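# Any chance you could fold what I've pasted below:
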Amino acid sequence: MQTSNLITTARRLEGIGEYYFSQKLREIDELNKQGKNIINLGIGSPDLPPHPDVIRVLQEESAKPNTHAYQSYKGSPVLRNAIANWYREWYGVELSADTEILPLIGSKEGIMHICMTYLNEGDRALVPDPGYPTYRSAVKLAGGVCVDYQLTAEQGWYPDFDALERVATDGGAPVKLMWVNYPHMPTGQLPDVTLFEKLVAFGKKHNILICHDNPYSFILNEAPASLLAVPGARDIVIELNSLSKSQNMAGWRVGTLSGSKQRIDEVLRFKSNMDSGMFLPLQLAAAKALSLGKDWYDSVNKVYRERRQWVYQLLEQLGCEFDRGQAGMFVWAKVPGDHKDGYALSDKVLYGAGVFITPGGIFGKAGEGYIRVSLCSSAEKLQESISRVAQLQKGAPLSTLEK
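Numbering: from 1, shown residues only. Take a look at the predicted model:
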């Protein structure tokens, strides 16, 4: 049957391609069907399960007959109180569970909600380069215009506030919001108090909403921090957080938005027209996950710490340069000079050794000379990756690695 050429996609999709990992996973699936047995070191999807008590709560609550109805658009009070307690204990931030917390079906969903809530056609949004690609896509889909602010190793992967001042005062279309993300993905750069204070001051000075995406603060980081802890931040900051990384619950799709009552009410106006509340047993299990103590985070980080040593060895084998002070579940590394960019090195290792590592260019032009390796694979797979790359460097064809 022939498809009609008269049906076209909306203009908002112009310049918006399929998400990089969506495409790449299909390619990897095809290679696997050919018997290539690809080791995927690209995506930050935890391969470890949540705590057994979290799964138990989900099972027990799901078996009850009265937990399957539609839920509140603002989420269960049990989950909102758990989020408030979590912020108080780990970040030192007091939040009202009734008015300053909005559970989300994943923080990625929240990025889109925020852009649709605040951006008019032509409004500008400051987007980090390198940075999470969804910031850029969400801004464009909402009709906004992305203004990149470049992050460099020389600047410690922090914004250049002089450059930001020039953008904010250039007389162009309004800059409505700014996306920030620390600990930073993909570079693993940790924040300090001075950076957070500068971000709050910049937002207040220019009436720019500072949107902080904070899913990595517990991974290989001894001092979790929230931008909302800065005095006066709530006037100008909203913060996304997630259970995907810190609680090994990526597929559960549980996130949260925190901020002033006014901001939460504004985002809820959009969100409540787009989806309904999460399945109640899932929310109750998430609340249990947020109550876990330091032993839980220590156990997760022990595994990642061991894996990181193998990733360091892999990167050294590839001739890459990297900072050992990174946080998060990735290692960001500069490619050696004999490769054009991260894409070239990624393709060489994928097609030559059957190992996928992420090219840094998918995070922006400033990332083109880098690669990113995930810690979400077992030590055995990382060791196998090192062995495969060693064989590749000796000139062994991929066919010998498929065994």
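# Quick one: mean pLDDT for the longest helix anywhere in the chain?
In the chain, assigned by DSSP state H, the helix with the most residues is helix 294-317. Averaged across helix 294-317, the pLDDT comes to 97.
# Would you mark the buried spots in that helix?
Using 16 or more other C-beta atoms under 10 Å as the test for burial, helix 294-317 gives 296, 297, 300, 301, 304, 307, 308, 310, 311, 312, 314, 315. Bear in mind the C-beta positions are built from the backbone N, C-alpha and C, glycine included.
# Can you spell out which helices and strands pack onto the helix or strand following it?
On the C-terminal side of helix 294-317, the closest following helix or strand by DSSP states H and E is strand 321-322. Packing contacts for strand 321-322, counted by 3 or more C-beta pairs under 8 Å, 6 or more residues apart in numbering; DSSP states H and E, involve strand 330-334.
# quick one: the lowest-mean-pLDDT helix or strand in the chain to chain centroid distance?
Every helix and strand in the chain was compared by mean pLDDT, DSSP states H and E; the lowest is helix 20-33, with a mean of 80. From the chain centre to the centre of helix 20-33 is a distance of 20 Å (C-alpha atoms, centre = their mean, to the nearest Å).
# List of residues touching the longest helix of the chain?
Applying C-beta atoms under 8 Å, 6 or more residues apart in numbering, the external contacts of helix 294-317 come out as 41, 48, 51, 218-220, 246, 248, 322, 324, 329, 331, 333, 373, 375, 377-379, 382-383, 385-386, 389-390, 393.
# Equivalent analysis for stretch 18-33, please.
For stretch 18-33, using C-beta under 8 Å, 6+ apart, the contacting residues are 38, 40, 42, 43, 133, 134, 137, 354, 356, 362.
# Of those, which is the nearest to residue 91?
residue 134 (23.3 Å; C-beta to C-beta).
# what number of residues lie near the closest one?
17 (other C-beta atoms under 10 Å).
# The nearest residue to residue 109 once chain neighbours are set aside and residue 239, how far apart?
Excluding the flanking residues, the one nearest residue 109 by C-beta to C-beta, 6 or more residues apart in numbering is residue 255, at 6.8 Å. With distances taken as C-beta to C-beta, to the nearest Å, residue 255 is found 11 Å from residue 239.
# intersection of neighbour lists for these two?
Joint contacts of residue 255 and residue 239 (C-beta under 8 Å, 6+ apart) do not exist.
# filter the contacts of helix 294-317 to the buried ones?
Buried among those (16+ other C-beta under 10 Å): 41, 51, 218-220, 246, 248, 322, 329, 331, 333, 373, 375, 377, 382, 385-386, 389.
# tell me the pLDDT at residue 337?
Looking at residue 337, its pLDDT is 86.
# and it, what are its phi and psi?
Torsion angles at residue 337 (phi, psi; degrees, to the nearest 10) stand at phi -70, psi -10.
# Check residue 239 too.
Backbone torsions of residue 239, given as degrees, to the nearest 10, read phi -130, psi 130.
# Find the nearest non-adjacent residue to it, please.
Per C-beta to C-beta, 6+ apart, closest to residue 239 is residue 212, 4.5 Å.
# and what of residue 108?
Once flanking residues are discounted, residue 108 sits nearest to residue 134: 5.8 Å by C-beta to C-beta, 6+ apart.
# Run a quick neighbour tally on residue 217.
Neighbours around residue 217, by other C-beta under 10 Å: 22.
# SS state for it?
Assigned with DSSP: H, G, I helix; E, B strand; the rest coil, residue 217 falls in the coil class.
# show me what contacts it?
Neighbouring residues of residue 217 by C-beta under 8 Å, 6+ apart: 183, 224, 225, 226, 241, 246, 327.
# per-residue confidence for it?
96.
# Look up how far residue 221 lies from residue 373.
According to C-beta to C-beta, residue 373 stands 18 Å off from residue 221.
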